[in-house]
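Asker: with the input below, show me the fold.
(chains A, B, C and D)
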2 protein chains.
Amino acid sequence: MVDVAEMAGVSLKTVSRVVNDERGVRAQTAARVREAVTVLGYRANDTARNLRRRQRPATVGLVIEDVRNPFYSGIARAVEELARVHGHMVVIANSEEDPAAEQKAVSTLLERQVTGLLIVPAGPDHGYLLDEIRHGTPVVFMDRPAQGVGADEVLIDNVGGARHATEHLLAHGHRRIGVVGDPPTVYTVGERVRGFREAMAAAGVAVDESLVRLGGRDVVQAETATQELLSMAHPPTAVFTTNNRASIGVLRALRGRESTFALVGFDDFELADMLPVPVTVVKHDPAQMGRAGAELLFGRLSGDERPPQRIVLPTRLVPRGSGEIAGEPGP
Amino acid sequence: MVDVAEMAGVSLKTVSRVVNDERGVRAQTAARVREAVTVLGYRANDTARNLRRRQRPATVGLVIEDVRNPFYSGIARAVEELARVHGHMVVIANSEEDPAAEQKAVSTLLERQVTGLLIVPAGPDHGYLLDEIRHGTPVVFMDRPAQGVGADEVLIDNVGGARHATEHLLAHGHRRIGVVGDPPTVYTVGERVRGFREAMAAAGVAVDESLVRLGGRDVVQAETATQELLSMAHPPTAVFTTNNRASIGVLRALRGRESTFALVGFDDFELADMLPVPVTVVKHDPAQMGRAGAELLFGRLSGDERPPQRIVLPTRLVPRGSGEIAGEPGP
DNA sequence: TCAGTCGATGACAACGTTGTCTGCGCGTTG
DNA sequence: CAACGCGCAGACAACGTTGTCATCGACTGA
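Answerer: Numbering: from 1, shown residues only, chains lettered A, B, ... in the order given. Below is the predicted model of the structure:
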């Protein structure tokens, strides 16, 4: 900047005025400055500018489990789009569902002075964010609520979606319905299992606990769980999967087997409709979640002072075939 | 920080020493400072620290086309992992294959003082980065080379992969082979089409240009192109797709049709092996590309002064069925 | 003609840190 | 006992900007 000022024969402040498009500089002077800027390849230093202006870098932090999961990349994309509109960039951190990693990421993000945080919580407690939130850093939790903090949340109707899925299977005569998915300690899984149990109870059907296989964290573990189910003396006639990874694991286990079962999965996934038996799913829109979260965040940044909001997004059952396989005739 | 200093009854510098784990502070004093830090919820201001230390925020910029494409999210994830190891965060920008958007993103990233840039180039010319690179900001181009700049590049063996794909189809008797994909102005598409033509020429088979349908940018357009191919008087007996989006478009168009053709697609994709006719693909590893790019970048940051490197990653043909459909007997 | 005004520009300080240098008190050494 | 070294702590300046205020010349209007 000093070089530019010297070359243009003006003061630092005038250069500052020109690069910031402030008024009060003669056109001729401005032109001289601009020339020097291009010649010297000067670029304003955002760090110094932010320090001086006592503002934070226009960056929001997004903490998710894994970008490779289409659910999260859908969220990430939507957040990025809205952020761009608001002149912000997005820093993505993968928590890998590990509370320690999440906390580490959040803390680094905070030191980096991000203006706001969008978090898919992995840890059980977010009290450690209380101070930050009180100090004015807006935080929005997505997909799962946070414990120990009052903050904006964007969730989906997990219980309702799971209930619909289960009712769908029940309607097709199924009574021995299994569940395959992640550990029930994961909020969404817990809720979805709850929806499943509610629907079963409402139909007066007892849940055979040996058919509930929760705990796998990836496709392979879901596959293994399914193989175990299939090799039981009385295998289930239908299965509800708690998320897209589990659905795919189940499908892999099912492939080539003669024995099969009906399936309804939570989360839609690409090509679900193109498989030999198209997969019936509980669909929802990751982009909608990302948008809603980002909107809340930027709303807070522009002065929205309402009490913490909770947005619950709808789900929709998309029947495609795999859930319509008939079970044994009911009693 | 002043508050902390006051509360602990020490000078600013001593607080600084404590939070930075510098030696030269009595244990007792340090404890007092640390207490004040927790009580007041003090967090070091990275902006000011970076300014003072004349260093840039430990952040790398990643410019890709769209995180939702598994190819890019695979890259993103690998980059993030390596970045974390090096204490860096990753800012992701989606260029949407638009040169203007790319340049805008790069420029913002640069103002943000990122320490390095990983770019999947959308624009044809990257001369505008020359200055930056000369000024010491390391830039690595991924998936496509950059014009007008000497910088590190990580590519895949597009020509070789496409040649293998084509040879595979030729070996199964196909002569009327079509191509569906993005505009050939996209570097990778151009290269893959080149590989296709080379293999055809080597086999002495003329390319029927009416079967080459390049220009679609998404699944839907590939689907349309395929429908056009299928409704021709002499439809192709096989098709080579230049990327995963195109492959999926083709598959969608093919579904439910009686008429079909053999297919080999560039890029692997999830569930490709689970479809009614498992899809033969030219496979490569996005994570490997992300890692290689990030390794180059961090190498530069730690003083690697070699001339610009070009890494070319291998591809592998994975026969799954869709490419093994027999064509008309050759002459 | 002269006070008053306005537009253009610059001097200076400050943003929150940290590197450098200095100072103090105490223990060691010849 | 003087000289020295060492551990600990603080004063000060500077990182690259920009907000504030001052300055200066020219122009306006009575």
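
Asker: you'd agree residue A:19 is up against residue A:44?
Answerer: Yes: contact criterion CB atoms under 8 Å: residue A:19 and residue A:44 qualify, at 5.5 Å. Where C-beta positions appear, they are placed from N, C-alpha and C, glycine not excepted.

Asker: neighbour count winner among the two?
Answerer: Between residue A:19 and residue A:44, counted using other CB atoms under 10 Å in any protein chain shown, the more crowded position is residue A:19 (18 against 15).

Asker: distance of whatever residue of the stretch 201-331 of chain A ends up closest to DNA strand C from chain B?
Answerer: As assessed by CB to the nearest atom of the strand, DNA strand C sits closest to residue A:301 within the stretch 201-331 of chain A, at 18.6 Å. Plainly put, residue A:301 is 17 Å away from chain B if you go by CB to the nearest CB, to the nearest Å.

Asker: equivalent analysis for residue A:118, please.
Answerer: In terms of CB to the nearest CB, residue A:118 sits 13 Å off from chain B.

Asker: also residue A:53?
Answerer: Distance from residue A:53 to chain B, counting by CB to the nearest CB: 10 Å.

Asker: for residue A:227, same thing?
Answerer: Taking CB to the nearest CB, one finds residue A:227 at 16 Å from chain B.

Asker: where does that residue fall, secondary structure wise?
Answerer: Using DSSP states H and E, residue A:227 falls within helix A:219-230.

Asker: can you name the next helix or strand after that helix?
Answerer: strand A:238-241.

Asker: neighbouring contacts of that following strand?
Answerer: The contact list for strand A:238-241 (CB atoms under 8 Å, 6 or more residues apart in numbering or on different chains) reads A:162, A:165-166, A:169, A:172, A:174, A:176-181, A:192, A:196, A:211, A:222, A:226, A:229, A:247, A:249-250, A:261-266, A:323, A:325, A:327.

Asker: among the residues you listed, which are in strands?
Answerer: Counting by DSSP state E, the part of the contacts of strand A:238-241 found in strands is A:177-181, A:262-266.

Asker: give the bridge partners for residue A:156, please.
Answerer: With DSSP bridges as the criterion, residue A:156 is bridged to residue A:313.

Asker: shouldn't residue A:311 be within a strand?
Answerer: Yes: Residue A:311 forms part of a strand when assessed by DSSP: H, G, I helix; E, B strand; the rest coil.

Asker: quick one: contacts for it?
Answerer: A:152-155, A:292, A:296.

Asker: and the residue nearest the centre of chain A, what helix or strand is that in?
Answerer: Geometric centre of chain A, nearest residue: residue A:72, 4.5 Å, by CA atoms, centre = their mean. Assigned by DSSP H and E, residue A:72 belongs to helix A:70-85.

Asker: list the helices and strands that helix packs on?
Answerer: Contact here means 3 or more CB pairs under 8 Å, 6 or more residues apart in numbering or on different chains; DSSP states H and E; on that basis helix A:70-85 packs against strand A:59-64, strand A:89-94, helix A:286-301, strand B:89-94.

Asker: how confident was the prediction at residue A:149?
Answerer: Here the pLDDT value assigned to residue A:149 is 89.

Asker: that one - that's part of a strand, no?
Answerer: No: read with three-state DSSP, residue A:149 is coil and lies in no strand.

Asker: what about it, neighbour count?
Answerer: 20.

Asker: from residue A:130, how far out is it?
Answerer: To residue A:130, residue A:149 is 6 Å away according to CB to CB, to the nearest Å.

Asker: ok, and what's touching the lowest-mean-pLDDT helix or strand in chain A?
Answerer: Sorting the helices and strands of chain A by mean pLDDT, DSSP states H and E puts helix A:130-134 at the bottom, at a mean of 87. Applying CB under 8 Å, 6+ apart, the external contacts of helix A:130-134 come out as A:110, A:139, A:148-151, B:41.

Asker: what's the burial count for the closest residue to residue A:127 other than its chain neighbours?
Answerer: Closest residue to residue A:127 apart from its sequence neighbours, by CB to CB, 6 or more residues apart in numbering or on different chains: residue A:148 at 3.8 Å. Neighbourhood size, residue A:148 [other CB under 10 Å]: 13.

Asker: ok, back up a step: which two among the ones in strands among the contacts of strand A:238-241 are spaced furthest apart?
Answerer: Pairwise distances among the ones in strands among the contacts of strand A:238-241 were taken by CB to CB; the largest, 16.2 Å, belongs to A:181 and A:262.
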